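# This is a predicted model, with the sequence first.
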Amino acid sequence: MNCKPGDLAYLSSDCVNEGVIVEVLSAGAIVGIDSPTWHCKSKTPIHCTMQISGKEVWTTEICIEDRYLRPINGALLHDEVKDEVTA
C-alpha cells in the first residue's frame, strides 16, 4: 500500500482530480472494489460521482483507492523512478 492513516498525499495523474492534496483519515470501503481504499479529507472540494446514485458532486471527504494516492514524504515510489544512477 502507498499510504497509511495520518499521511498527506496527492492524487496521482491517473485520477480526474490530479494534484489535489488530501489527508488520509482511515481505511475506507467502496462497494465492488477489492483493492485497499482510504477515507480522505481535502481542504478544497473534489469533483466525484456518487457510487450508488451516479450523481456528480463536489465534496471535501471521499473514499479513494490506494493506487490513486501518492504520499508526500520525500521518498519516490518504485513506479516514479525513471532512471537508475550508476556509481
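Received the coordinates, thanks.
# which stretches of this protein have low pLDDT?
51, 74-87 (pLDDT under 70).
# Try it again at 80.
For the chain, residues meeting the criterion pLDDT under 80 lie at 1, 13-17, 29-33, 49-54, 73-87.
# Centroid-nearest residue for it?
Centroid-nearest residue in the chain: L69, 3.0 Å away (criterion: C-alpha atoms, centre = their mean).
# and that residue, how far is that from G54?
24 Å (C-beta to C-beta, to the nearest Å). Every C-beta, even on glycine, is put in place using the N, C-alpha and C of the backbone.
# Please apply the same query to V31.
13 Å.
# Regarding the protein, what is its longest strand?
If you go by DSSP state E, the chain has its longest strand at strand 37-49.
# Paired strands for the next helix-or-strand element following that strand, with orientation please.
Once strand 37-49 ends, the next helix or strand along the chain (criterion: DSSP states H and E) is strand 56-65. In the sheet, strand 56-65 lines up against strand 37-49 (antiparallel) (DSSP bridges).
# doesn't A9 make contact with the residue nearest to the centre of the chain?
Yes: between L69 and A9 there is a contact under C-beta atoms under 8 Å: 4.2 Å.
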